[in-house]
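Engineer: When you get a sec, could you give me coordinates for this:
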Amino acid sequence: MRRIIKGLLWVVFSLVPLALLAAIVVYIWIARSVAPASGEAQLAGLGAPVTVTRDQNAVPHISGASMEDVAMALGFVHAQERLWQMEVARMAAHGRLSEIFGEATIGTDMFLRTIDTYGAAAASFNVLNEADRRTVEAYARGVNAFIEQNARPFASKFAPEFVMLNRRPEPWQATDVVATVKMMPVTLAANINEEMERLKFARLGMSNAEINDLLPPLREDRPPSLPDLKVLLGLESGPISAARPAERRFAALDGMMGKGASNNWVLAGEKTETGKPILANDPHLEFTAPSLWYLAHLQVKTPDGRTRNLVGVTLPGTPLVFLGRNDRVAWGFTNTASDAQDIFVERINPENPDEYLTPDGYRPFDKRVETIRVKGGQDVTFERRATRHGPVLPASYRGLQRYLPEGTVPALQWTALAHDDTTISAGFRLWDFQSVQAFLDGMHDFVAPMQSMVVADVEGNIGLIAPGRVPVRDPANRIMGRAPSPGWDATYDWKGYIPYEALPREYNPPRGAIGTANSKIVDGSYAPFLTFDWDEEWRRDRIATLMLDSNVKQTLETNRQAQGDDYSPAYAALGPVMLDLVEGRSDVNADAVMTLRRWDYRQDKTRSESLIFEAWLRFATKRIISDDLGDAFPAFWRARANAMLHWLSPDAARDWCDDRRTAERESCGDVLALALKDAVSDLETRLGSDREAWNWGALHYAYGAHRPFARVKPLDRIFDVDEPASGGAYTLDRGTSNWNDEDNPYRATHGTSYRGIFDLSDLDRSTYIQTTGQSGNVLSSHYQDMAERWGRVEAFTIPVSEAAYQDGLLGTWRLLPKR
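Structural biologist: Prediction:
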């Protein structure tokens, strides 16, 4: 026994300290993967020296003698700070995520291989002009210069994710850069969701009026009635089979696609204190850790002393400043959400499954075998098929095959799959525009996704252009992109694209202001068809109230306050309706009703009312609609203010409140009272019974999820970036939640990813902020140092004058041509 005790003591006092020492040594080695603030590197292919000076916010000021040199330096800097993020984005574009993450991403890879994002990118690179190809290639060389350089002594060369997953990045190709740009339409694609939902509703036997109750058009739109899809497509009737396990493969993809939104506005000088325009922009995208965006100042300084500057948010993996300003012009984008996607139902030849029906008879599918390599598992091989319209979607994608008739397959036509996509070239033109008019005339190269771009210049002009390819549809096509169409009928084929000259545009409008928020941007006089699936009008109208139609002279501060506005006009319209239906009932929670009656409909993170109402709306939506939609309900479950107003209306197309699964007839008051009881019980389970301690920010926080460690406990606590947030689905300070996530149904997974406000009286006074920090390395002090400031709706300046950013410099890198 004594020997056993002595042996245990030896282990404790010898091996444990050694293990602890080894852990400390490994930690130091990995921690030194953080890019040093100062240094020097030689880059093959660099034309002249480039300086990279990081200011106190870790924003790099990159100055070189040519656009190619600056692009190469930006590639090097992006790789220093965000290489893991870039690796994930690139592998997604390739459809190769499963080589890193295993079975969890098979569905995502299958979809992206099916639509062939990377093949489209490779073809699109080949149609770029020579100068743009050289800039793309220079950027890729900069990334590779970092990958190939020697590591510092006793330091990991790459960020912790590479070490922990035992992965070394492959060299970057020019096509990888174009493919990264190609992934933006994937995250912003929206209309495919509504098409599939209308298909499901029609399959469930719903009328056109009932479908409009579920997906109501804007008040100012009068879309034609949909044709009877059951007859047109040959849909069956009756119960729908339960979801199949293979459909769960696409859960990660569903979180990625179709969730983009944004605010932007521009005010003419007549509306501002300075007499010059102010432009504001805040794109609403998926919260990630690190942020999607990386702030930078790019400067080309020619030998004759002239300089050109770009400042704003870059997308790691590309050499573009997507949102920002040059020396004379500022711009901001929102997703127009034009209808640039159509699902075509293709009828298979019953005599030959390798053929499908066209207006001219049967034609063979284009076919190709794809193999997905899966880390830790068996390779997955599938056959990629395509029709004249586009790729055939996987049968299990969102359960489509369960709703379509036997002997048919869904094919996707989408402008983003173009093989002559020159969108990246449009990004390079942002260096050159000297006026709003030049901007409006110069975005021909922009293909996808269509964006509503507001613009201002230092001369005081403002404008809007919405460039991008939008299909022209046949006047006889009554579906108009709202639901899947029969692929064998030429009536539904696209008839070309809206000419650039006919796209929406404004120049110095009489109103003196322009604002967009993904809702309708044209009036009834605009002839070309863009979409009937505009976003709800609440944010658009709130921008008009606060900014566009205000008589108050606006400043940078008033614009900042507007970007942080947490008032929900949608809930202000819906709340009284719901409260009136439960008022005075003995079975309703009177305290909750009284609290909501006093609410001013501000979704303040420090208060409880928003939390109670959101939970009530969540459970009310489930109780009202789940019996009607059945298996189609989970994908539909989110805040739908306009739809709820329809469901509760006495003029609804059906009695939505009655639960068809019960014998008795429930009123809307009955259902809402039960839903409020559900909500209070749910919140007590999550936060305890002391309602004085409840607040919106406790459960509603910006959830910056890391890939892949957000799914790995306890690493999620280290790599994720969470910040309590005000706002909600319908506020300008936006944060939308995933109600299907039973563990965290109120946290914000998508929202305001960046805020920029541009002062055209002095562009150096413009302000910027993004959600996390500049570094993508979790061990860096700049991994999440912007999060709290973002949560407080603060921002900082990025001046272009070297003298203006000297205070608090972190350091300078010198990049030299390799001899």
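Engineer: Now do the strands in the stretch 1-150 of the chain.
Structural biologist: Under the criterion DSSP state E, counting those that start in this stretch, the stretch 1-150 of the chain contains strands at 39-43, 50-54, 60-64.
Engineer: got the angle for the last one vs strand 50-54?
Structural biologist: Looking back up the chat, that one is strand 60-64. Here the directions of strand 60-64 and strand 50-54 differ by 170 degrees (axes from the mean of the first three to the mean of the last three CA atoms, to 10 degrees).
Engineer: Would you list the strands that strand 60-64 pairs with, along with their directions?
Structural biologist: Sheet pairing here is set by DSSP bridges, and for strand 60-64 it gives strand 50-54 (antiparallel), strand 294-301 (parallel).
Engineer: Using PDB, write down the CA coordinates of stretch 43-60.
Structural biologist: Provided in PDB are the C-alpha atoms of stretch 43-60 (Å, rounded to 0.1, in the frame of the first residue of the first chain):
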ATOM      1  CA  LEU A  43       6.500  39.400 -51.500                       C
ATOM      2  CA  ALA A  44       7.200  37.900 -55.000                       C
ATOM      3  CA  GLY A  45       5.500  39.900 -57.700                       C
ATOM      4  CA  LEU A  46       5.100  43.100 -55.700                       C
ATOM      5  CA  GLY A  47       6.000  46.100 -57.900                       C
ATOM      6  CA  ALA A  48       7.100  48.500 -55.200                       C
ATOM      7  CA  PRO A  49       7.200  48.800 -51.400                       C
ATOM      8  CA  VAL A  50       3.900  48.900 -49.600                       C
ATOM      9  CA  THR A  51       3.300  50.100 -46.000                       C
ATOM     10  CA  VAL A  52       0.600  48.700 -43.700                       C
ATOM     11  CA  THR A  53       0.000  50.900 -40.700                       C
ATOM     12  CA  ARG A  54      -2.500  49.600 -38.100                       C
ATOM     13  CA  ASP A  55      -4.300  52.300 -36.100                       C
ATOM     14  CA  GLN A  56      -5.500  52.100 -32.500                       C
ATOM     15  CA  ASN A  57      -8.600  50.100 -33.700                       C
ATOM     16  CA  ALA A  58      -6.400  47.700 -35.600                       C
ATOM     17  CA  VAL A  59      -7.700  49.000 -38.900                       C
ATOM     18  CA  PRO A  60      -4.900  48.700 -41.500                       C
END
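Engineer: count of neighbours near residue 507?
Structural biologist: By other CB atoms under 10 Å, 14 other residues sit near residue 507. Glycine gets a C-beta too; all of them are placed from N, C-alpha and C.
Engineer: can you redo the strands paired with strand 60-64 as CSV with distance to residue 460 and mean neighbour count?
Structural biologist: Below are the strands paired with strand 60-64 laid out as CSV (distance: least, CB to CB, whole Å; neighbours: other CB atoms under 10 Å):
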stretch, distance to residue 460, mean neighbour count
strand 50-54, 32, 23
strand 294-301, 24, 23
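Engineer: where does the closest residue in space to residue 241 that isn't next to it in sequence fall, phi/psi-wise?
Structural biologist: Nearest residue to residue 241, sequence neighbours excluded (CB to CB, 6 or more residues apart in numbering): residue 402, at 5.3 Å. Per-residue torsions, residue 402: phi -80, psi -20 (degrees, to the nearest 10).
Engineer: returning to that earlier point: in a markdown table: the strands paired with strand 60-64, plus distance to residue 614.
Structural biologist: Shown next, in a markdown table, are the strands paired with strand 60-64 (distance: least, CB to CB, whole Å):
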| stretch | distance to residue 614 |
| --- | --- |
| strand 50-54 | 40 |
| strand 294-301 | 32 |
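Engineer: end to end, how far does stretch 533-550 reach?
Structural biologist: 28 Å (CA to CA, to the nearest Å).
Engineer: Rebuild the strands paired with strand 60-64 as CSV, extending it with distance to residue 586 and mean pLDDT.
Structural biologist: Converted to CSV, the strands paired with strand 60-64 look like this (distance: least, CB to CB, whole Å; pLDDT from 0 to 100):
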stretch, distance to residue 586, mean pLDDT
strand 50-54, 64, 98
strand 294-301, 57, 98
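Engineer: what's the closest of those to residue 119?
Structural biologist: Among the strands paired with strand 60-64, the nearest to residue 119 by CB to CB is strand 294-301 (27.3 Å).
Engineer: before we move on, the earlier item: mind checking which of the strands of the stretch 1-150 of the chain is nearest residue 99?
Structural biologist: Nearest of these (CB to CB): strand 39-43, 28.7 Å.
Engineer: Sheet-wise, list the partners of the closest one with their directions.
Structural biologist: strand 811-817 (parallel).
Engineer: so where's this structure uncertain?
Structural biologist: Applying pLDDT under 70 to the chain flags the ranges 1-23, 189-190, 243-248, 251-259.
Engineer: Scan it for its longest helix.
Structural biologist: helix 67-94 (DSSP state H).
Engineer: Could you pull out the strands in the stretch 651-800 of the chain for me?
Structural biologist: Along the stretch 651-800 of the chain, counting by DSSP E, counting those that start in this stretch, strands occupy 701-704, 721-724, 735-737, 748-752, 754-759, 767-770, 796-797.
Engineer: what's the closest of those strands to residue 27?
Structural biologist: Closest approach to residue 27 among those (CB to CB): strand 721-724, 20.5 Å.
Engineer: hey, C-alpha coordinates of that closest one in PDB?
Structural biologist: Extracted C-alpha coordinates of strand 721-724, given in PDB (Å, rounded to 0.1, in the frame of the first residue of the first chain):
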ATOM      1  CA  VAL A 721     -18.900  36.400 -29.500                       C
ATOM      2  CA  ASP A 722     -22.200  37.300 -27.800                       C
ATOM      3  CA  GLU A 723     -23.400  40.800 -27.000                       C
ATOM      4  CA  PRO A 724     -26.800  41.800 -25.500                       C
END
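Engineer: List the contacts of that strand.
Structural biologist: 289-290, 605, 697-698, 700-704, 706, 747, 771-772, 783-784, 787-788, 790-791 (CB atoms under 8 Å, 6 or more residues apart in numbering).
Engineer: does residue 53 have beta-bridge partners, and which?
Structural biologist: For residue 53, the beta-bridge partners under DSSP bridges are residue 61, residue 812.
Engineer: Which residues are in contact with it?
Structural biologist: Contacts of residue 53 (CB under 8 Å, 6+ apart): 60, 61, 63, 802, 805, 809, 811, 812, 813.
Engineer: Check residue 552 too.
Structural biologist: Here residue 552 is in contact with residue 558 (CB under 8 Å, 6+ apart).
Engineer: Outline the domain layout of this protein.
Structural biologist: Annotated domains of the chain cover 1-31, 569-602+608-694 [automatic domain parsing].
Engineer: For ChimeraX, what selects the buried ones among the contacts of residue 53?
Structural biologist: Burial among those is assessed by 16 or more other CB atoms under 10 Å; the matching ChimeraX selection reads:
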select :60,61,63,805,813
